[in-house]
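Peer 1: for reference, the sequence and a predicted model appear below.
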Amino acid sequence: MKISPKMKKSLNDQVALEGAASNSYLAMASWCEVIGYQGAANYFYMQSDEERTHMIKVVHYLNDMGAYASIPAIKAPSGSFKSLEGILKTALKNEQSVTKAIHKMVEITQKEKDHSTYAFLEWFVNEQVQEETKFETLLQKFDLIGRDKLAINEIDKILATESTTPDADPTA
Ligand code: FEO
């Protein structure tokens, strides 16, 4: 194994965290679809797929390092949402905890002089900056456009546009 047991555990925890994020966005997408926020539904379905690719990135890395990834059980995410704004706030909170976990791992790589994992995590550090900014910008729309039905319809349209333009590779 080319990484420490501590690093292996953190990366496996990250697999679970990315999987949980994928699942949580899936629940949000489904709620939006039922309510009739089609733009937001498409956006969160896409977001859910993106999180799954993050999870698989970590799985491959663990396996490449001879550490053998553990595939976690899927926990049921919360599905009781009240509003689109509430969903976006929860999404931002989720991303902030993912960022924290990634930064903690970076600290471990620095302590352990694990240059390979440090380089691997760089992509995630950049990705998290993009993810947080994305949700912060979307949340600002409620202050800018409003919270009545027409405003929410406008915000749903913005989300529809966002869901047709997947994120650029943060390292590109
Ligand atoms: Fe993969 Fe949005 O954290």
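Peer 2: Structure's in. What do you need?
Peer 1: mind telling me what element Ala67 is part of?
Peer 2: Under DSSP states H and E, no helix or strand contains Ala67.
Peer 1: now it. Nearest residue, chain neighbours left out?
Peer 2: Lys8 (4.4 Å; Cβ to Cβ, 6 or more residues apart in numbering). (Each C-beta comes from the backbone N, C-alpha and C, glycine too.)
Peer 1: OK, contacts around that neighbour?
Peer 2: Each residue near Lys8 by Cβ atoms under 8 Å, 6 or more residues apart in numbering is listed here: Met1, Leu62, Met65, Ala67.
Peer 1: just the pLDDT for Ile152.
Peer 2: You'll see Ile152 listed with a pLDDT of 97.
Peer 1: how many residues are close by it?
Peer 2: Counted with other Cβ atoms under 10 Å, residues neighbouring Ile152 total 19.
Peer 1: Leu139 versus that one, what's the distance?
Peer 2: For Ile152, the distance to Leu139 equals 13 Å [Cβ to Cβ, to the nearest Å].
Peer 1: do Asn126 as well
Peer 2: Per Cβ to Cβ, Asn126 is found 21 Å from Leu139.
Peer 1: and Asn42, by the same measure?
Peer 2: Counting by Cβ to Cβ, the gap from Asn42 to Leu139 is 19 Å.
Peer 1: between these two, tell me which one has more neighbours.
Peer 2: Asn42 (19 against 15).
Peer 1: doesn't Ser163 make contact with the more buried one?
Peer 2: Yes. With contact defined as Cβ atoms under 8 Å, Asn42 and Ser163 form a contacting pair (4.0 Å).
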